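# the amino acid sequence is not available; the structure is as follows:
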């Protein structure tokens with residue numbers, strides 16, 4: 001993801017936005033559910049390479065119909081990153 005954000009930073013004009021839609025995730029470790037704050041982790045990576053973030057936008061996720069339905073999350077977040085001037 002660091003390489004992806006580096007590429008986004010190079011392509012954006014100063015002040016331009018790029019939007020990333022991401023859902024947090026979870027796994028089971030040692031028989032216990034462990035939440036993974038994917039959105040927060042991506043914000044940290046993007047900010048480390050020089051992108052800045054505007055206000056996050058939460059959105060409800062549509063019901064999944066694929067094989068991952070049992071692991072689906074209830075919502076996703078839109079992360080609006082921009083290249084500073």
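Great, that's in hand. Just so it is clear, the model here is predicted, and its values are computed rather than measured. Numbering: from 1, shown residues only.

# going by C-alpha atoms from here, please, whenever you check contacts or count neighbours.
OK.

# contacting residues around the least confident helix or strand in the chain by mean pLDDT?
Here the helix or strand of the chain ranked lowest by mean pLDDT, DSSP states H and E is strand 57-60, holding a mean of 84. Here strand 57-60 makes contact (CA atoms under 8 Å, 6 or more residues apart in numbering) with 74, 75, 76, 77, 78, 79.

# want to throw the residues you listed into JSON lines with neighbour count?
Listed next are these as JSON lines, based on neighbours: other CA atoms under 10 Å:
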{"residue": "74", "neighbour count": "13"}
{"residue": "75", "neighbour count": "14"}
{"residue": "76", "neighbour count": "18"}
{"residue": "77", "neighbour count": "18"}
{"residue": "78", "neighbour count": "16"}
{"residue": "79", "neighbour count": "22"}
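
# secondary structure for those - can I get that in a markdown table?
What follows is these, written out as a markdown table (DSSP: H, G, I helix; E, B strand; the rest coil):
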| residue | secondary structure |
| --- | --- |
| 74 | coil |
| 75 | strand |
| 76 | strand |
| 77 | strand |
| 78 | strand |
| 79 | strand |
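
# next, count neighbours for residue 56.
Taking other CA atoms under 10 Å as the neighbour definition, residue 56 ends up with a count of 14.

# check whether it really touches residue 81, as I assumed.
No: with contacts counted by CA atoms under 8 Å, residue 56 stays clear of residue 81, the gap being 9.3 Å.

# so what's residue 78 bridging to?
Residue 78 has these beta-bridge partners by DSSP bridges: residue 21, residue 57.

# next one: it from residue 34, what distance?
Going from residue 78 to residue 34 by CA to CA, to the nearest Å gives 22 Å.

# which stretches of the protein have low pLDDT?
61-74 (pLDDT under 70).

# tell me the bridge partners for residue 33.
Counting by DSSP bridges, residue 33 is bridged to residue 28.

# could you give the number of residues near it?
Burial of residue 33, expressed as a neighbour count using other CA under 10 Å, amounts to 10.

# what does the one 5 residues further on give?
Here the neighbour count serves as a burial measure; for residue 38 (other CA under 10 Å) it reads 15.
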